[in-house]
Structures are given as C-alpha cells and as structure tokens.
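S.K.: predicted model, plus sequence, below.
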Amino acid sequence: MNRREFVSGTLAAGGTVLAGSALSAARLQRAKDRLTETLMQSGAVGAGAEPAREYYELRRYHLRRGPKQALMDAHLRDAEIPAITRAGAGPVGVFNVMIGPESPTLHVLIVHKTLDTFATLGDRLAADAEYQRAGAAYLNAPATDPVFVRVDTWLMRAFTGQPTLHLPFGGGEAGKGRRIFELRTYESHSERAALKKIEMFNTGEMAIFHRAGLEPVFFGQKLAGSDMPNLTYMLVYEDMAAHDKQWAAFGSDPEWRKLSTTPGYTDPEIVFNITNLFLRPTAYSQI
C-alpha cells in the first residue's frame, strides 16, 4: 500500500460519518492533503506499511515550593532530557501549570516511537554514566529533603487519525514562551463508550478542529494510569484570544452541531467528565 492509497483508505474508513455530512469535495480533498503532508513529513508511512502510532508517557511531578523547584528544572534540562534523547525517545515537553488546581507541578510529556523505549527507559538511564554524573544532585537527594513529593505517570497510544505528535506551529521557536497549551481529558463510563469517542475524533471531529483553526499537538488513548477509561489530547494557541476565537468557530460549525447530536456520539452516551489544564512551556521544553 502506498501513501496515497493509505490516506484514501483512512478517510474512507470514516465514511459512516463523512458520507452523511454536508462536507464538500473540496473540504474532503483538503483533509486528504493535510493528512498526506503530515504522514510524509513524519515518515510514519512507508511503502506497504501502516502508519506507526506513537506512544506518549505523561508524567506529573508534584513539587514543594522552594529551592527544589530550581533543582528539578536543572535536572530535567541538563541531565534527563539529554539522556532521554540518547535513549532514542523524545521530543520531551515540560510544562508549568498556568491555570489549574495543581501548583506547583511540572507536566512532562515524552514521545516514544515504540513500547520498547518506554519499557526500557529506566534501565537505559541507569546504565548511562553521563546521566548519572549530570543528575547526581537529583538522584542522591536524601529522604529528609526530597526533590519532589510524588510522580503520577500515564501511558497513552496515539489515535489512528493523528498517529504522530505535531510540533506547535511547525516547530518554530518564535513566541515559544508565550504559547498556551491546553491538556484536555475525557472520561467515559465504559471501555466501549471511550472507544466510541475515539472513533468520533478519528472519523469527523479532528477535521472540524482543523477547519476551526485549532492546532492539536497529540491525541492519546490511555493504556495505563488513573481515571480510566479515558482519552487525553493537547492543543496549542498563540494566546488566550486565539483560544477563544478558535473554540467559538468550532462550537458554531454546522458539521460539529450535526456530529455532536448524532445518536451514538452524544456526550450523555459516551462522555461523563471533562477536565482541562492550561500550561506554559518551560524555556527548555522541546515541545
């Protein structure tokens, strides 16, 4: 299967939603072109191959206010992120909470191309002499003066509709420190309902996101962690004004109104709780 055949097949798989919609041929073609470009740039599609779906490790470090916050930043910047890169994983995003109930916390997002890099990362870091040297202050912190309180970890697998992470605004550095990231989690009452919401994204909702100007960074189905079953995704904005404008366009989109009221896809059927956090990237974040 070549790239063009895969893209056509992927969009055709959502035919039960798209065929019944009022999407024009031009809109469908734009969606095809966007997916083709994304997959070709990422290298996720090769001749005769399905796209490789990435895995996302999301960590939440609970911190105490004080000097250990600076030590945590230094450790991630100077020791752990370089070691993660040497281990074959990444990019790595590091974010502070801008708006949310948990502060101080750091959210660390690690991209894994395969489950093996996730499963063996701890062993690789333990065997990395440079990491052990650069991270000594963090690694040797005494029990009486720990660097962090606790770490929560979630493992997710990318959706088929966006199998790889998209770097914000094409990976450009301009305005990086001012960007706003929104981390949204949708919980469902059952595994079947959670899969139905993922299907809704893959076959229709993602296209509406893009049409409204929303820029997704990743979509992930949670494989392990708390509050399961759920899905989590991240969006990025230039500022809060862009956030408000793009969500207003999404909410007023006639295709969204139709899709969100389609039996089987309504919130009362498949989603019972939504949480979101607004995050700012650290100066050393790779995302």
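M.R.: Arrived safely. Fair warning: this is a prediction, and the values are worked out from it, not measured in the lab.
S.K.: ends of stretch 100-115, how far apart?
M.R.: Counting by C-alpha to C-alpha, to the nearest Å, you get 30 Å between the two ends of stretch 100-115.
S.K.: buried set for that stretch?
M.R.: Neighbour-count burial for stretch 100-115, with 16 or more other C-beta atoms under 10 Å as criterion, is recorded at 104-113. Heads up, the C-betas are built off the backbone N, CA and C, glycines and all.
S.K.: next: stretch 267-275.
M.R.: 270-271.
S.K.: now do stretch 160-172
M.R.: Along stretch 160-172, these residues count as buried under the neighbour rule (16+ other C-beta under 10 Å): 160-166, 168.
S.K.: then stretch 126-146?
M.R.: Using 16+ other C-beta under 10 Å, the residues of stretch 126-146 that count as buried are 128, 131, 134-135, 138.
S.K.: check stretch 248-265 too.
M.R.: By neighbour count with 16+ other C-beta under 10 Å, stretch 248-265 contains the buried residues 249-250, 253, 255-256, 258-260, 265.
S.K.: chain neighbours aside, what residue packs nearest to the spatially most central residue of the chain?
M.R.: For the chain, the residue sitting closest to the mean C-alpha position, by C-alpha atoms, centre = their mean, is Phe218 at 3.1 Å. With sequence-adjacent residues excluded and distances taken as C-beta to C-beta, 6 or more residues apart in numbering, Phe218 is closest to Leu165, at 4.6 Å.
S.K.: A strand includes the one you found, no?
M.R.: No: membership of Leu165 in a strand is not supported by DSSP: H, G, I helix; E, B strand; the rest coil, which gives coil.
S.K.: surely it touches Val92?
M.R.: No: shown here, Leu165 and Val92 do not form a contact pair, counting by C-beta atoms under 8 Å, at 10.9 Å.
S.K.: which neighbours do these two share?
M.R.: Common contacts of Leu165 and Val92 (C-beta atoms under 8 Å, 6 or more residues apart in numbering): 111, 287.
S.K.: now, which of the buried residues of stretch 126-146 lie within helices?
M.R.: Assigned to helices by DSSP state H, the following of the buried residues of stretch 126-146 qualify: 131, 134, 138.
S.K.: check the last one and give its pLDDT.
M.R.: This points to Tyr138. Looking at Tyr138, its pLDDT stands at 96.
S.K.: residues contacting it?
M.R.: Under the criterion of C-beta under 8 Å, 6+ apart, the contact partners of Tyr138 comprise 71-72, 75, 79, 147.
S.K.: let me know the closest of those residues to Ile198.
M.R.: In terms of C-beta to C-beta, no member of the contacts of Tyr138 lies closer to Ile198 than Met72, at 33.3 Å.
S.K.: in this structure the closest one contacts Val149, no?
M.R.: No: Met72 sits out of contact with Val149 when judged by C-beta under 8 Å, with a separation of 11.0 Å.
S.K.: that older thread, any chance of the buried residues of stretch 100-115 in TSV with secondary structure as columns?
M.R.: Shown next, in TSV, are the buried residues of stretch 100-115 (three-state DSSP):
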residue	secondary structure
Pro104	coil
Thr105	strand
Leu106	strand
His107	strand
Val108	strand
Leu109	strand
Ile110	strand
Val111	strand
His112	strand
Lys113	coil
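S.K.: farthest pair within those?
M.R.: Greatest spatial distance in the buried residues of stretch 100-115: Pro104 and Lys113, 30.9 Å, computed using C-beta to C-beta.
S.K.: returning to what we had before: for the residue nearest to Phe218, grab phi and psi.
M.R.: Dihedral angles of Leu165 (phi, psi; degrees, to the nearest 10) stand at phi -70, psi 140.
S.K.: so who does it touch?
M.R.: Contacts for Leu165 were tallied using C-beta under 8 Å, 6+ apart; they are 54, 56, 91, 111, 158, 217-218, 287.
S.K.: same check, this time on Arg65
M.R.: Under the criterion of C-beta under 8 Å, 6+ apart, the neighbours of Arg65 are Pro104.
S.K.: what secondary structure does it sit in?
M.R.: Reducing the assignment to helix, strand or coil with three-state DSSP, the entry for Arg65 is coil.
S.K.: ok, now the one 5 residues further on?
M.R.: Per three-state DSSP, the secondary structure class of Ala70 is helix.
S.K.: same question, Ala283
M.R.: Reducing the assignment at Ala283 to three states with three-state DSSP gives coil.
S.K.: I appreciate the help and will end here.
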